[in-house]
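*Asks:* Next comes the sequence, and after it the predicted model I'd like to discuss.
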Amino acid sequence: MTQVTVIDSIMGSGKTSWAIQHINEAPAQERFIYITPYLDEISRIKGAVTSRRFIEPNNRNHARKKMHSLKACIASGDDIAATHSLFQTADEEMTELLTGAGYTLILDEVMDVIEAVNISRADIQTLLKSERIKVEDNRVIWADEGITETRFNDIKYLAKAGNLFCHRDNFFIWTFPPAIFNAFDRVIVMTYLFDGQLQRYYYDLHGISYEYKSVRNAEGGRYALADYCRKNERREDVIRLIDIHRGPMNSVGDMHNAFSSSRFSFYSADVFAQVKRNLNNFFRNICGAASHEILWTTKKDYRSRLSGKGYTKSFLHCNARATNEYADRWALAYVFNRYMHPYESVFFQDRGIPINQDLLAVSDLLQWIWRSRIRKGEPVNLYLPSSRMRSLLIAWSKYEI
């Protein structure tokens, strides 16, 4: 089993800078695959690494698919920089190419390693009764090789890749193939609050061992790994930079589950209108912010119902990580109450893996806030109407979670 090192350090502590330094100083025979959420971060890595040349997979091959290009790069022994979305499509052939090839994986931020598959319970029963699929130890196996084209082609692909699970006969869950991680010589995951992430529960489920480290500043402007100690994060300095709005506009989120995915579906038009007025009041009157200084988010399905003049185009999805594109924004509004998807939570809990909903929520919130100018040590204003999310942010600052 490959040992995984989780570099669990607060945003802005130098994780990416350490990774670049590490790659530049690594022996020439060591090969790297650097996986990051965004294309602009690939450009950053390619420009900052001077000891070797990183290759980015492209669509110029005969199949016009980046996965074909990625596999060709691995076969050639190239150093590779690619996105999460491409790496998530890894399959058994890629595992075989990586095994024994001497690669180190550097994963910038955790990935979506499990996802609920979009298929109805009725369609699952149709597939079972028609014997197109069978379920063994919760794994879905595609059993009908006589049909080449079907409206369930996506299900067929996932099942044949061995990455599809049936849970409680009600829903399908896709999981990233754990064999991929074990095919690397070394795996380095760079994130913050890993204990609350889906990838941590996924590692526990599959018996993938990991150790914690953090990044510290060393002499001469260098970075070094250190033993993990959350007391070194200086959370009190971070919270002093966040002016959390406190006032009557927060009353709309007093319920513990206010602005959660489930609660949103019950809101009337009057509630959406009130929140929209609150956002406009916060950005225009309380902050006096221009549109290019604003950043806001909510559950994607309700973005259009909360959009308003002067801030509509300043939206950034609530699970944003790793991007520096919004480092000048300071008037922030986070209209969401983060919980793990019920399918995901029962998937792990039924397998004896305990989860921490609060740590997951505050982790995503902090990552989103850090897209703003707080990453430069500058203060921000935050409208956080969910009473639960506000209490979690304060509890985090006091090292209570």
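*Replies:* Ah, there it is.
*Asks:* Format the CA atom coordinates belonging to the one helix or strand residue 105 maps to as CSV.
*Replies:* Assigned by DSSP states H and E, residue 105 belongs to strand 103-108. In CSV, the C-alpha atoms belonging to strand 103-108 read as follows (Å, rounded to 0.1, in the frame of the first residue of the first chain):
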residue,chain,number,x,y,z
TYR,A,103,5.4,8.5,-10.3
THR,A,104,4.7,10.8,-7.4
LEU,A,105,1.1,12.2,-7.3
ILE,A,106,0.7,15.7,-5.9
LEU,A,107,-3.0,16.4,-5.5
ASP,A,108,-3.8,20.1,-5.0
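*Asks:* Which other helices and strands does that strand contact?
*Replies:* helix 15-25, strand 31-36, strand 186-191 (3 or more CB pairs under 8 Å, 6 or more residues apart in numbering; DSSP states H and E). The way it works is simple: take the backbone N, C-alpha and C, and place the C-beta from them, glycine included.
*Asks:* for the record, mean pLDDT for that strand?
*Replies:* Across strand 103-108, pLDDT averages out at 96.
*Asks:* which outside residues touch it?
*Replies:* Contact partners of strand 103-108, identified using CB atoms under 8 Å, 6 or more residues apart in numbering, comprise 15-16, 19, 23, 26, 30-37, 41, 74, 181, 183-190, 322.
*Asks:* right, and the helix or strand after that strand?
*Replies:* Assignment by DSSP H and E places the next element after strand 103-108 at strand 114-116.
*Asks:* Not counting its neighbours along the chain, what's nearest residue 230?
*Replies:* Excluding the flanking residues, the one nearest residue 230 by CB to CB, 6 or more residues apart in numbering is residue 399, at 6.8 Å.
*Asks:* Provide a list of residues in contact with the nearest residue in space to residue 48 that is not next to it in sequence.
*Replies:* Of all residues not flanking residue 48 in the chain, residue 20 sits nearest, at 4.7 Å (CB to CB, 6+ apart). Counting by CB under 8 Å, 6+ apart, residue 20 touches 45, 48, 49.
*Asks:* Equivalent analysis for residue 263, please.
*Replies:* 255, 257, 337.
*Asks:* Mind checking what secondary structure the second one has?
*Replies:* Secondary structure of residue 257, reduced to three states by DSSP: H, G, I helix; E, B strand; the rest coil: coil.
*Asks:* distance of the closest residue to it other than its chain neighbours from residue 386?
*Replies:* In this structure, residue 257 finds its nearest non-sequential neighbour in residue 263, 4.9 Å apart by CB to CB, 6+ apart. From residue 263 across to residue 386, the span is 10 Å (CB to CB, to the nearest Å).
*Asks:* that older thread, now, of the contacts of strand 103-108, which are buried?
*Replies:* 15-16, 19, 23, 26, 31-37, 41, 74, 181, 183-185, 187-190, 322 (16 or more other CB atoms under 10 Å).
*Asks:* Determine the longest strand present in the chain.
*Replies:* strand 210-217 (DSSP state E).
*Asks:* who does it touch, helix- and strand-wise?
*Replies:* So strand 210-217, by 3+ CB pairs under 8 Å, 6+ apart, packs with strand 4-8, strand 223-227.
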